[in-house]
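# here you go, sequence then predicted model.
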Amino acid sequence: MSGHSKWATIKHKKAATDARRGKIFTKIIRELTIAARVGGADAVSNPRLRTAIAAAKNENMPNDNIERAIQRGAGQLEGETLDEITYEGYGPGGVGMLVQIVTSNKNRTASEIRHLFAKNGGNLAEAGAVGWMFHRKGDIVIPKEQADEDKLMSIVLDAGAEDLRDDGSTWEVTTPPEAMEKVREALAAANIKPASAEVSWLPQNFVKLTGAQAQQMLRMMEALEDHDDVQHVYANFDIDEKEIQAAVAG
């Protein structure tokens, strides 16, 4: 369905084998901290925290790291003050973008993100200019070798998913936000391991990019995701999987 979900899947595979792993840990620790600060340290009553803990365990993060991040968020341990911000903007070809930030210095981060947009053929926009293009959904991406369509369809729909789509080398499952965890648990019970599972901002429509614009868009995604303060980047581009794989390999 979406070049963006292919990007997420391929980037996840790459992250497992290179130095990006440290960045992934940093981003998960920040999400754990923010989730605990916003919704409390009790994972039973805090679905955002449960999702963050599941992501941490999926990356084999030590339990001590998880506990410390939660305690900092809940005010039980001292730590830096973090702010959560979402920037809206446009990438090459008019692609709509949402960039979720967690930072200890809002002014510095705003300047750096603005520079990354400008450097890569994009620009920041006013609040609300882009957000309407996206809707909040649970988004689970599953490598096709993990399950066949009929088996997967039965599992996810019974657990409350809205849809299952063929996205090239992966299946993409969408759910209402409140059903995402139940669907993920049903997959775990069937020994099916997703490449990624999170509540995301999914595009309602897509901008097809090819050639130079596609490569510029992917460079922009790479630059933003490499920024220490960027937690997530959501964009409504559709780029063929071969172009994405070539960009990542390069």
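Structure received.

# could you use CA atoms for every contact and neighbour count after this?
Fine.

# and the longest helix anywhere in the chain, what other elements does it pack with?
For the chain, the helix with the greatest residue count under DSSP state H is helix 20-39. With contacts taken as 3 or more C-alpha pairs under 8 Å, 6 or more residues apart in numbering; DSSP states H and E, helix 20-39 sits against helix 47-58, helix 63-73, strand 230-235.

# for the first one, packing partners?
Counting contacts by 3+ C-alpha pairs under 8 Å, 6+ apart, helix 47-58 packs against helix 20-39.

# contacts for the helix it packs on, please.
15, 42, 46, 48-49, 52-53, 55-56, 59, 61, 65-66, 69-75, 82, 84, 102, 226, 228-231 (C-alpha atoms under 8 Å, 6 or more residues apart in numbering).

# thinking again about what came up before, in CSV, list the helices and strands packed on helix 20-39 along with mean pLDDT.
Shown next, in CSV, are those (pLDDT from 0 to 100):
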stretch, mean pLDDT
helix 47-58, 89
helix 63-73, 94
strand 230-235, 92
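
# show me where this structure has strands.
Applying DSSP state E to the chain gives strands spanning 83-90, 96-103, 123-125, 134-143, 163-167, 170-175, 196-203, 207-208, 230-235, 237-238.

# out of the ones you listed, which is closest to Leu187?
strand 134-143 (9.8 Å; C-alpha to C-alpha).

# lowest-confidence helix or strand of the protein?
Ranked by mean pLDDT, DSSP states H and E, the helix or strand of the chain with the weakest confidence is helix 3-15, at a mean of 61.

# could you check the pLDDT of the nearest residue to Gly91 once chain neighbours are set aside?
In space, and not counting its chain neighbours, Gly91 is closest to Gly122: 4.2 Å by C-alpha to C-alpha, 6 or more residues apart in numbering. If you check Gly122, the pLDDT there is 95.

# please verify my assumption that Gly122 contacts Tyr90.
Yes. Shown here, Gly122 and Tyr90 form a contact pair, counting by C-alpha atoms under 8 Å, at 5.3 Å.

# which phi and psi values does the closest residue to Ala147 other than its chain neighbours adopt?
Spatially, and ignoring its direct neighbours in sequence, Ala147 is nearest to Ile192 (7.0 Å; C-alpha to C-alpha, 6+ apart). In terms of degrees, to the nearest 10, the main-chain angles of Ile192 are phi -110, psi 120.

# all good on my end, thank you.
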